[in-house]
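Asker: sequence-free structure coming up:
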């Protein structure tokens with residue numbers, strides 16, 4: 001069993017509580033920076049690697065600032081998250097925008113900031129065209145359907161999820177976007193969230209890279225990146241072991 005050791009003592013917290021009104025959140029900046037550096041080290045073999053922190057996971061501007069200093073981008077899903085990212089100086093391809101029920105003003109702001117827009121649904125392409133010009137680089141979200149399994153254990157059920165395009169829709173979407181002048185493509189999938197299993201990412205990566213090769217052969221599209229979405233989980237219970245980010249990177 002993992003022994004979880006707090007980064008502060010009871011006495012330190014009691015002293016803080018005398019000064020600051022409770023309840024308050026206390027963040028371990030040293031731990032955050034160390035984790036950020038470990039992630040980057042684990043993927044340093046790939047010179048194009050870029051980590052995007054999901055703003056919705058902890059929409060705190062100071063944390064976004066710290067992660068920007070560590071070289072992370074922002075993964076946004078709403079207008080407010082885009083504003084927060086802009087406020088800490090994140091613009092352009094340092095922002096990924098993924099949203100599944102998207103008001104026009106959200107798309108407009110994402111386009112204004114030069115974010116990489118990730119289309120969740122094929123109907124979003126026609127909707128977006130009325131709002132902003134297509135950019136050179138755009139992304140599509142894939143939902144392979146069925147159950148997502150690792151070694152016969154069901155991690156999640158994409159068939160029940162509302163996120164992403166079917167495989168035939170992806171081909172259609174890429175062709176449609178190419179006809180509108182898009183030159184570089186991303187491929188994204190969100191199959192399970194906060195998994196505590198090192199095996200999740202290699203399985204997801206294999207699926208995405210195979211699909212990327214198929215899409216390139218079918219459409220001729222230049223696929224510039226894949227986005228391995230879902231969030232690396234932490235040990236949520238005392239009996240759980242932590243993911244090994246070095247093993248995942250390998």
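Answerer: Cool, got the structure. None of the values given here were measured: they were computed from a predicted structure.

Asker: three-state assignment of residue 217?
Answerer: Here residue 217 is recorded as helix under DSSP: H, G, I helix; E, B strand; the rest coil.

Asker: now residue 98
Answerer: Secondary structure, three-state DSSP: residue 98 is strand.

Asker: what sits against it?
Answerer: Listed by C-beta atoms under 8 Å, 6 or more residues apart in numbering, the contact partners of residue 98 are 75, 76, 77, 118, 120, 141, 188, 190, 229. The way it works is simple: take the backbone N, C-alpha and C, and place the C-beta from them, glycine included.

Asker: so where do the helices sit in the chain?
Answerer: 10-19, 29-42, 61-69, 79-87, 104-113, 123-129, 167-179, 200-219, 245-249 (DSSP state H).

Asker: can you put the ones you listed in TSV and add mean neighbour count and distance to residue 93?
Answerer: Output for the helices of the chain, formatted as TSV (neighbours: other C-beta atoms under 10 Å; distance: least, C-beta to C-beta, whole Å):
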stretch	mean neighbour count	distance to residue 93
helix 10-19	10	39
helix 29-42	14	17
helix 61-69	16	14
helix 79-87	18	12
helix 104-113	17	10
helix 123-129	15	18
helix 167-179	17	17
helix 200-219	16	18
helix 245-249	16	22
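
Asker: quick one: which of the contacts of residue 98 is nearest residue 134?
Answerer: residue 118 (13.6 Å; C-beta to C-beta).

Asker: okay, now that closest one: neighbour count?
Answerer: Number of residues near residue 118 (other C-beta atoms under 10 Å) recorded here: 26.

Asker: Check residue 26 too.
Answerer: Residues near residue 26, counting by other C-beta under 10 Å, number 11.

Asker: Surely it and residue 17 touch.
Answerer: No. Using C-beta atoms under 8 Å as the test, residue 26 is too far from residue 17 to be in contact (10.3 Å).

Asker: Low-confidence stretches in this protein?
Answerer: The chain contains residues with pLDDT under 70 at 1-3, 146-162.

Asker: Quick check, central residue of it?
Answerer: Central residue of the chain (C-alpha atoms, centre = their mean): residue 229, 4.6 Å from the mean position.

Asker: ok, now how distant is that one from residue 65?
Answerer: Distance, residue 229 to residue 65, using C-beta to C-beta, to the nearest Å: 23 Å.

Asker: do residue 138 as well
Answerer: Residue 138 sits 28 Å away from residue 65, going by C-beta to C-beta.
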